Structures are given as C-alpha cells and as structure tokens.
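Participant: got a sequence here, can you model it:
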Amino acid sequence: MKVPFQTVDVFTDRKFGGNPLAVIPDARGLTTEQMQSIAAEFNLAETTFVLPPKDPKNTAQVRIFTPKSEMPFAGHPNVGTAFVLARMGRATGDRLVFEEKAGLVPLDLTRQNGTVVAARLAAPQPLTSGEKVAPEIVAQAVGLAPADIVGQPMIASTGNNFLFAEVRSRETLKAASYNIETFRQHLPMERTVGVHLYVTGADIQSRMFAPLFGVPEDPATGSANITLIGLLALREPQPDLTFTRTIGQGVDMGRPSVLEATAEKKGGKIVAAYIGGRCVPMLSGTIDLT
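Facilitator: You can find the predicted model right below:
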C-alpha cells in the first residue's frame, strides 16, 4: 500500500520558514494506529489525514496527529490542509468546511492571480477561560523567574486548552525554555496542550511549548493564537470592536512565522475569532506501507 503525501510550510511566504505540515490527502484505508505511526515518522508538530466528509455538504473530515497524540483541532494543520486541497482542485469556490473532533472548522481561501496563497479559519468553539495557574508553576515550566510573568496565567480554549502567560519583555520571551518534569507534574496532557507565552506591543510575539505531545516548541500555533486574540480583545474597554493583530512566532527557533489574528466582540463578549496566513509548498512523495 503506497500512500501519497505532501508537505507545506504554513504561516510563511518563504520556503524553510513557518511551521512544516505533512498532509495525507487520501487517508482512506488507514487505521488510527497507522495514522499515529505516520505522524511519528514525520515527527513534525502535526500531520493531517483527509477522509470523505460524513456530511456531503462539508469539504472533508480531517484528523490531526502530533507525534504522540491525536488533536481535536489545530490551527496550522487546517490552514495547510486547506491550501493543499485547494491546489489539488478539491475545493469548490473559496470556502471549505472541515469536520474535526472539536466541531466544524470553516476556512476561507485567498488567491493571487487565481492561485491559492493563503487560508483563514474560524474558531470551531466559543472562547472559554477561567482556570488559573500559579505564576510560580508557569515560570518553573518555562525556565523563567516568577517576576517575569505578568498578571495571572490562565487556561483558555477555542477548541484546545492552552495555558496563556504574558511575559515582561521580548528578551524574557527569548530566554524561555521548557522543563518537561514540571509539565509532567503540574501540566499533564489532559489539563493543557502546552504553555503559550506572549509579549504585547504594536505586534505580538509568542512562543509555545508542548513537550508531552512530542512538540518541544511549536513554530506557529494557530489554535493558541486564535484563543489569544480573543483574550486580548476582552481586555479592551470597548464593548463592541473588531480587534486585529499580527502575531509573530518561531523567530527564536529559526522558523519565523506570521499569523494574522482577528476577534470580534459584541456586547462585551467574543462572538468570533479568526487566524490565517500564507503557505508555501515543499515536498511530495509516497509512504510505502507494504
């Protein structure tokens, strides 16, 4: 059995930047165990497996795997998979809808001179937040001092739970690392995917560590940043606004990524959130499972 694949760099306009993604455009016939093994073989942050939709009104069913676990939802896998399917001619118009464990994920395509160059997704679930985590635990998990953490870290989600913590400066963000034993003891997989650090300014810079999922550091985390933009919009005093920011990630690991994030707030509540960016095709080939 030979299984075709493609890889793309996501949230970048140049090769060898952004977040690499492997896409299996036709995963029919693969077992869950085979999908997990293939994801481990690629050893990228995520690998996606495309199946026929359960509802013919939707574009496809998409399953997402890290090297160690299946994810209910993720950002750069959706953007990259939409890009690949559209370039294969498997998208009708500029709107796709993927069926995932977290729910339906709608995506819009961007074209230049008729060619798809980018995609933007909408969060599959409303923004939820609340569980607070001591700054001392976050600092220990990411190799910083408690004084480096600004405010109260908290877990929030639009489909995946992430622990969000603001840090004091760009230099502080650059100095962060991860302590896997702290993750095992205080931040297990069932509690959070990882720790998403960020520093605000004219633009936002972020880093995300998820070592228990086989992702020591992620070059670009759409599902975290789409939640982050909602949290930041909630801070704004206006009850109604459209809040847009550019988010940089992956710079400190040599994979610079650019994510365009937007949250819509009405009556003091986040009613929609979006994340998107450009993609670049990289590799294609086949996996020999015989």
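Participant: and V79, that's in a helix?
Facilitator: Yes - under DSSP: H, G, I helix; E, B strand; the rest coil, V79 sits within a helix.
Participant: mind listing what's buried in the top strand by length along the chain?
Facilitator: When the chain is parsed with DSSP state E, its longest strand is strand 269-288. Going by neighbour count (16 or more other Cβ atoms under 10 Å), the buried part of strand 269-288 is 270, 273-280, 287. For every residue, glycine as well, the C-beta is placed using N, CA and C.
Participant: how about stretch 133-150?
Facilitator: Buried residues in stretch 133-150 (16+ other Cβ under 10 Å): 133, 135, 137-142, 144, 148-150.
Participant: let me see the contact set for the closest residue to A176 other than its chain neighbours.
Facilitator: With Cβ to Cβ, 6 or more residues apart in numbering as the criterion, A176 has its nearest non-adjacent residue at 4.5 Å, and that residue is V142. Taking Cβ atoms under 8 Å, 6 or more residues apart in numbering, we find V142 in contact with 165, 176-179, 195, 197, 209.
Participant: narrow the buried residues of stretch 133-150 to those in strands?
Facilitator: 149-150.
Participant: number of residues surrounding the closest residue to G29 other than its chain neighbours?
Facilitator: In this structure, G29 finds its nearest non-sequential neighbour in M1, 6.9 Å apart by Cβ to Cβ, 6+ apart. M1 has 10 neighbours, counted by other Cβ atoms under 10 Å.
Participant: keeping just the C-alphas, turn the longest strand of the chain into CSV.
Facilitator: Presented in CSV, the C-alpha positions along strand 269-288 are these (Å, rounded to 0.1, in the frame of the first residue of the first chain):
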residue,chain,number,x,y,z
LYS,A,269,-18.4,39.0,24.5
ILE,A,270,-16.2,37.4,21.9
VAL,A,271,-18.6,36.3,19.1
ALA,A,272,-16.0,35.2,16.5
ALA,A,273,-12.2,34.7,16.2
TYR,A,274,-10.1,34.0,13.1
ILE,A,275,-6.5,33.1,12.3
GLY,A,276,-4.8,32.9,8.9
GLY,A,277,-1.7,33.2,6.9
ARG,A,278,0.2,32.2,3.8
CYS,A,279,1.6,28.8,2.8
VAL,A,280,4.5,27.5,0.6
PRO,A,281,4.5,24.0,-0.9
MET,A,282,7.6,22.0,-0.1
LEU,A,283,7.7,18.2,-0.6
SER,A,284,5.7,15.5,-2.2
GLY,A,285,6.1,11.7,-2.3
THR,A,286,4.7,8.4,-1.2
ILE,A,287,4.8,6.3,2.0
ASP,A,288,5.3,2.6,1.4
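Participant: what are the pairing partners of that strand, and which direction each?
Facilitator: Looking at strand 269-288 with DSSP bridges, its partner strands are strand 2-10 (antiparallel), strand 115-122 (antiparallel), strand 257-266 (antiparallel).
Participant: so where do the helices sit in the stretch 1-150 of the chain?
Facilitator: 32-42, 75-87, 135-141 (DSSP state H, counting those that start in this stretch).
Participant: the inter-axis angle of the second one versus strand 269-288?
Facilitator: In this case it means helix 75-87. Calculated by axes from the mean of the first three to the mean of the last three Cα atoms, to 10 degrees, helix 75-87 forms an angle of 60 degrees with strand 269-288.
Participant: can you check the first one too?
Facilitator: Our comparison of helix 32-42 with strand 269-288, counting by the same axes, to 10 degrees, yields an angle of 90 degrees.
Participant: quick check: buried residues in helix 32-42?
Facilitator: For helix 32-42, a neighbour-count test (16+ other Cβ under 10 Å) marks 34-36, 38-39, 42 as buried.
Participant: how far away is the nearest residue to A139 once chain neighbours are set aside from S157?
Facilitator: Using Cβ to Cβ, 6+ apart and skipping residues adjacent in sequence, the residue nearest A139 is P146, 4.6 Å away. Distance, P146 to S157, using Cβ to Cβ, to the nearest Å: 25 Å.
Participant: same question for R278.
Facilitator: The value you get for R278 to S157, if Cβ to Cβ is used, is 26 Å.
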